[in-house]
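**Student:** have a look; sequence and predicted model below, questions after that.
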There are 4 protein chains.
Amino acid sequence: MRSMILRDPVHDLVRFETEEEAIVTELLQSREVQRLRRIKQLGATHLVFPGAEHSRFTHAVGAAHVMTKLVRRLRELHEELPFWQRLATDRARDALAASLLHDLGHGPYSHLFEEAIPGAPKHEIWSQRIVEDPSTDVHKTLAAHDGSLPDRVVSLIAGSDAKTPYPLPYLAHAVSGTLDVDRCDYLMRDAHMTGVRYGLLDLDWLLRSLRFGPTLGGHAPRLAIDGMKGLPAIEGFVIARRFMFEQVYLHKATRAAEAMIKAVFARAAKVILDGTRLPAVPEAIRLAAHGEPVPLGVYLALDDVIVGAAFAAWETASDPVLADLCDRVRRRHLSKTLELVGDASTPRVYGALVDEARALTVAAGLDADAHVSIDVAEASIAIEPPDDGETDDPTVDRLEVILGDGVARPLASVSGILAQLPSMPVRRVRLVVPPEIRDAMKARVLAASRG
Amino acid sequence: MRSMILRDPVHDLVRFETEEEAIVTELLQSREVQRLRRIKQLGATHLVFPGAEHSRFTHAVGAAHVMTKLVRRLRELHEELPFWQRLATDRARDALAASLLHDLGHGPYSHLFEEAIPGAPKHEIWSQRIVEDPSTDVHKTLAAHDGSLPDRVVSLIAGSDAKTPYPLPYLAHAVSGTLDVDRCDYLMRDAHMTGVRYGLLDLDWLLRSLRFGPTLGGHAPRLAIDGMKGLPAIEGFVIARRFMFEQVYLHKATRAAEAMIKAVFARAAKVILDGTRLPAVPEAIRLAAHGEPVPLGVYLALDDVIVGAAFAAWETASDPVLADLCDRVRRRHLSKTLELVGDASTPRVYGALVDEARALTVAAGLDADAHVSIDVAEASIAIEPPDDGETDDPTVDRLEVILGDGVARPLASVSGILAQLPSMPVRRVRLVVPPEIRDAMKARVLAASRG
Amino acid sequence: MRSMILRDPVHDLVRFETEEEAIVTELLQSREVQRLRRIKQLGATHLVFPGAEHSRFTHAVGAAHVMTKLVRRLRELHEELPFWQRLATDRARDALAASLLHDLGHGPYSHLFEEAIPGAPKHEIWSQRIVEDPSTDVHKTLAAHDGSLPDRVVSLIAGSDAKTPYPLPYLAHAVSGTLDVDRCDYLMRDAHMTGVRYGLLDLDWLLRSLRFGPTLGGHAPRLAIDGMKGLPAIEGFVIARRFMFEQVYLHKATRAAEAMIKAVFARAAKVILDGTRLPAVPEAIRLAAHGEPVPLGVYLALDDVIVGAAFAAWETASDPVLADLCDRVRRRHLSKTLELVGDASTPRVYGALVDEARALTVAAGLDADAHVSIDVAEASIAIEPPDDGETDDPTVDRLEVILGDGVARPLASVSGILAQLPSMPVRRVRLVVPPEIRDAMKARVLAASRG
Amino acid sequence: MRSMILRDPVHDLVRFETEEEAIVTELLQSREVQRLRRIKQLGATHLVFPGAEHSRFTHAVGAAHVMTKLVRRLRELHEELPFWQRLATDRARDALAASLLHDLGHGPYSHLFEEAIPGAPKHEIWSQRIVEDPSTDVHKTLAAHDGSLPDRVVSLIAGSDAKTPYPLPYLAHAVSGTLDVDRCDYLMRDAHMTGVRYGLLDLDWLLRSLRFGPTLGGHAPRLAIDGMKGLPAIEGFVIARRFMFEQVYLHKATRAAEAMIKAVFARAAKVILDGTRLPAVPEAIRLAAHGEPVPLGVYLALDDVIVGAAFAAWETASDPVLADLCDRVRRRHLSKTLELVGDASTPRVYGALVDEARALTVAAGLDADAHVSIDVAEASIAIEPPDDGETDDPTVDRLEVILGDGVARPLASVSGILAQLPSMPVRRVRLVVPPEIRDAMKARVLAASRG
């Protein structure tokens, strides 16, 4: 049995020491998990919050750590369940492996890459392929325990998209759901590393507040929040998410940096398709640009290092637009954003603003496609599904509160704060422009928002 | 005036808002400072303490932040000094710029690179060259303020090696000395990011404990510690440094990883000299391998991204030793260390152990040069110069304590703890071997240490 | 000039070192401020959150410390104001003194005492009397600076109730208003000491987010929040207050303990009025029970120590009801609460429940007046005045947000979260009963809430 | 089974939820444990470090919490022991009860009281009497589990002074020894509450570093430190203790306040013996002053509240010396200390200084006995017994380190830092004088220290 003990800036001591936790230690030896060290968790965010340099590797380890705590909590609640719904060793192992591997398929700036190059497969798909492909270290490690372990892990990380649902829905939701170990770790970690104080969860109290809800027609119950005591912990969780979206994930400068990186990918794809010679093109980008399928091994070779080396090389590309974009990104000469509110945030009105911005950009000697865009940043942080009807389907992921009378009630009907938090998504519409034309455009946006 | 406010996981709010602090904001726009985002502060340490992924950029900003605090403290003490020794705006600007730029010349894994490729210039030299070279953004930014600012910054960062000593020695020591802003930030930051709790300084108390010592023959006085109140803060500083060396900087697994990276550099240099074709060789490595001078621009192109891309490419190099080494580093298949103590730590005895280890390594089908080495890790943490004699020379960097009678006494004569801390350096001698032969060698080392 | 430096578990280093801050150090020497060491900030709360043992003294020092920070921030903004509206030394001294003395008139369990013994004057009145009475150390210290300083301090701490409004309304609001140094410190301190994580303010960011709003018809402007950057800090402040009310201040067990202490005061007053001999009766309680005026010196003699000694002595009082109550309080044998929701929370319905509870209590051999009560716990946390109309009156305390266009907008119109937070107060109605009848009553309350 | 969950500013979540932990919840209902809420952990220290207002109650709960963690750690190590040496449920219950009750016998300012009134029994004796006396809630609660539980608890808390040694010496040392739960909690708590940063233990790592040493002639082994990994944690523990003694426990102003309180006790005892009428004399003080035995119930009635009320009443005592002393304590008009170093710290020399100080004090119209004293503050922080010889006696409490070869070595032979820390105790000799004569005496002490 391989035992491991680590220090972590967020969780302090991280221990994988029991028999079932050994799967985490074994998976940490795999090339595919080690690759996550070379992919930043928050992409370009460190250009705005300098501390946010942490990798997806530390987050993956953190998520597995939160799962060890959750497993311990669930075992305290075991007596409420018939034995076939309990968390036996092999199911705990499934959950631990899945929580570590949940984000395995991420590439560098995954979302930007996927948006910029339409053919590129989504990272969720890659996660599953890595687990299922017999050639990967991860697959071999899992299969060495049990031939069906890779499939069970895929069921867990696919969540509601799983072809074969995992037999214990409460465990599937804990890996990938409204309140899952992924979110617990990333909220704490991202808040800690950015230095933004609002994502600090009361994790131990939150876990202690969990209990099992009522059984659902013979099925295993959902996890639920235990009474008034647990309410502030889950309220804190929801509010922390909202704050992190408003302050970090949708921050205007972060979004500007991301727009630039997307522009680099798009311009590079164009240059590649044009047949112009470009140095240091990662194979995965070349294939995606041509709309050709990307083999697994080629995808796994793609990481921040390879993309970073490409950006460095492209600073001297023969295409001046690409060269200029890469230079700007590398010396952090960021685009500016202009907030569009009210009518100005509708395509009907901002269309004219975009046209003006493009004209000014061209007049400034820059490429309009590369430098001007509308950025619609939005995120839903609602914790309740829109339709709040009663349901006995245990695979539906919803959080309920169990009060003294044993009845499971929807969160929003018990929490004063959550009832009044917007069901609407957080949404920001911004015009992204090069610094050269910012002042000129600002006046026009102001005028448009008044007009 | 450009004002800037940042979040930082270590110092919380970091503000550069005054007129003299604007120099920091301006320098942050330079390509050379932005490059530090692409160089990890602790090199390979994150392979052992996963959280230690922070860059030299965050440390540079942190050091400048500590300097803003120190400047504020020094101004509180101004009345003790004649006006020509005070911290006027231009001198504060010198100090702020120097604290930000102090580590500017670092490259990826600087020490390893310098040790592996003997011709490579030291990072301290590069720092000065970057500041002095008229082609750099940093030089231009400094010179735009004042033509002699670059030279003054060089005087400050060169410390006791400066050709022209800085007119206020106390300021030079605060940039680069026994108790300097560099150490204050890196101890706090490295402790925070590794999750090791021992480096946590009581920074505000420490700064508050500073005062000026007695004037030295007409020269500006040194900074000193104010009485018994300040003692625990400086004791904590010294002990924190010792802990960090023992627990992090000289950690056996960190050292093993570093030995591997050094081996990669050395092997690559050998392959390059042999004339074998090797992909993705950074120009600076190629030149250094050939013993040729490295131009500044070429050096600045070298960062973790470029070195990381080279390591990735070399996984498929035709040289099997280099390919294997890079594969091991990238999937964290680390070498092992065997502690040599007592007689076994002397070359006389460990020579035989090295021979045995090399033979076993070759028998295991591996290259002995690439995998076996003696690692002597040492650090002096003594805060007093060896010779403790009284001195009136203000350029000598020493910390003294001013007690109620106004007399400046050496730290060690006042502090019970520091008097008894070893003047000897922390020192560890280890045999680095590949995992394949670790068990076999362990038995022999045990025998040798008993014999 | 008296300089002082302190350690504080909440703010770390607390320094009063400048000339204007010396007033704080001087006032700390007064008997009346030292008396606050003998009054717990949160009364009976430590019976529920054991860590909440901190005194009003530490809070007073903390509030003065926050004021030193606020003064520093206001000075950064000085240039926006004409010089006669700036924070000159004497005005800063006013504000520092007032922030330290703000809660000076509190007695032990002030609110309970005031409710239980109707004749007792309110603590706000006592604060003013202490400052104004020429016999107190506090008055002498203030008057030694400037004969009108006591009056100016009273203007500041009386806030909107001041007879003579303070000339700078923005400063008066900072001492006693929606966002004041009192709230900043108590939220942080109470959260820290109770161990409840939700009150943690981002104080430095919050202060940094302040700026002056537009001038109001020639008057000094209000303080306002600076743009989108400052929004999360003020949102965090409002949400933290709401959490603290829900989790701590209105916690059911805290309220049960408070109901018991109120019952002790009421019963003691009754016994005193009946003429029964009672040992160790504090003079202030004797006078208040008789409806006689309480002289200042007598009031100041009342603190937790004197009340605690009385409770101890009353454990052996000849009145068995009082003796039993005191015994219960001292060994923490707390009453129980039953939450009344829906119809059950209206007097029409809960009247019958109270009657039942009283009957059961008597049947259990206990006094109904002493053990049964309805507890209505409520707090308004709305940060906006109900009427949101535009106003140019600078003495109206309201927080606005200044966006890029320089317009001051009401918080709720800018903040998505605050717009949706309830304008209704947090409100809990509970039936307080002795443990002996809790189970019996619980069933009836459940029935009532269903029926 | 009674389950309990608490918030704590130091340990965050404190849970007593298992069957064996229920003993803690039950004991928390006792009058004797609740009484600890009325006794400050650090006596007069809060007059110097204002935050240090925490009670012995919170420390007792914290120590029990650390024991729950230690029990969990010991269970992880169980397999190393034969079953009769393991921590069965009843032994864990013994340890949990003992860790909660360890300091039960403390009174207000225990040490000062014991020194000032020579007849007073020591608090350790009271702890045992409370546990053993059949009339106490504590005794009844323990005996309800098992008639011999009180005796076993006494064995554990008496440590090396126990008449009947506890069968598992390693458990006895964990309750009361070199590295015990009492020290772990008080170092963390006192550091946290004073705001002094140096006592912050790395508790989880420290506990994780424990393992069992070699068996000792058939006896249960001692607890030991596991290898090089555990060393920094135990070094941190020793250094933290030293810092806390130097900075807090032996702080000069704390000691001055303590000298004043001792003087109050001594003067009150004298006044009582003289037969002068004195109000509000606690019965325990009256009996102790007369040298009469103090019954248990009378002792238990003594707490900070009763002593505080006495001090308040004595402000108006007819004895002017006592009245003045109480006034000074209550308004924090503290005595001053003058550090005696070198020869001046020996009775031979300081005798003359005391005589001078007494004469000046009398000349200032004050009582010399009440205001002048020599204060010798000392503490041994050595973690090794003076005699470092090998020993097989498991009842001897010593910490050893187990390295890779399985040999148990003394700490000091493995730790570079601990080897060099003074074996001498921390020691400060000070002359305590009233503020009125401080300046005059300071000059003479300076002269004496030079002469």
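**Tutor:** Cool, got the structure. Not measured: the values here are computed from a predicted model.

**Student:** now find how far off-centre stretch A:221-233 is within its chain.
**Tutor:** From the chain centre to the centre of stretch A:221-233 is a distance of 25 Å (CA atoms, centre = their mean, to the nearest Å).

**Student:** which outside residues touch it?
**Tutor:** For stretch A:221-233, contacts defined as CB atoms under 8 Å, 6 or more residues apart in numbering or on different chains pick out A:80-81, A:85, A:169-170, A:173-174, A:179, A:201-202, A:205-206, A:208-216, A:234, A:394, A:397-404, A:408, A:411, A:414-415, C:198, C:243, C:246-247. Heads up, the C-betas are built off the backbone N, CA and C, glycines and all.

**Student:** so what's whichever residue of the stretch 1-150 of chain A sits closest to chain B up against?
**Tutor:** Nearest residue of the stretch 1-150 of chain A to chain B, counting by CB to the nearest CB: A:Arg7, 3.2 Å away. With contact set as CB under 8 Å, 6+ apart, A:Arg7 has these partners: A:13-14, B:49, B:51, B:194-196.

**Student:** swap the cut-off to 7 Å and go again
**Tutor:** A:13, B:49, B:51, B:194-196 (CB atoms under 7 Å, 6 or more residues apart in numbering or on different chains).

**Student:** doesn't it belong to a helix?
**Tutor:** No: going by DSSP: H, G, I helix; E, B strand; the rest coil, the assignment for A:Arg7 is strand, not a helix.

**Student:** partner residues bridging it?
**Tutor:** A:Leu13 (DSSP bridges).

**Student:** quick check, pLDDT for it.
**Tutor:** As predicted, A:Arg7 sits at a pLDDT of 94.

**Student:** just the ones of the contacts of A:Arg7 in strands?
**Tutor:** A:Leu13 (DSSP state E).

**Student:** buried subset of the contacts of A:Arg7 as a PyMOL selection?
**Tutor:** Provided next is the PyMOL selection string for whichever of the contacts of A:Arg7 are buried by 16 or more other CB atoms under 10 Å in any protein chain shown:
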select buried, (chain A and resi 13) or (chain B and resi 49+51+194+195+196)
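
**Student:** now render the contacts of A:Arg7 as JSON lines, adding pLDDT.
**Tutor:** Formatted as JSON lines, the contacts of A:Arg7 follow (pLDDT from 0 to 100):
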{"residue": "A:Leu13", "pLDDT": "93"}
{"residue": "B:Phe49", "pLDDT": "97"}
{"residue": "B:Gly51", "pLDDT": "97"}
{"residue": "B:Thr194", "pLDDT": "95"}
{"residue": "B:Gly195", "pLDDT": "92"}
{"residue": "B:Val196", "pLDDT": "87"}
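
**Student:** of the contacts of stretch A:221-233, which ones also sit close to chain D?
**Tutor:** A:205, A:208 (CB under 7 Å from any CB of the partner chain).

**Student:** just the buried ones from the contacts of stretch A:221-233, in PyMOL syntax?
**Tutor:** To isolate the buried members of the contacts of stretch A:221-233 in PyMOL, using 16+ other CB under 10 Å:
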select buried, (chain A and resi 81+85+169+170+173+174+179+201+202+205+206+208+209+210+211+212+213+215+216+234+394+397+398+399+400+401+402+403+408+411+414+415) or (chain C and resi 198+243+246+247)
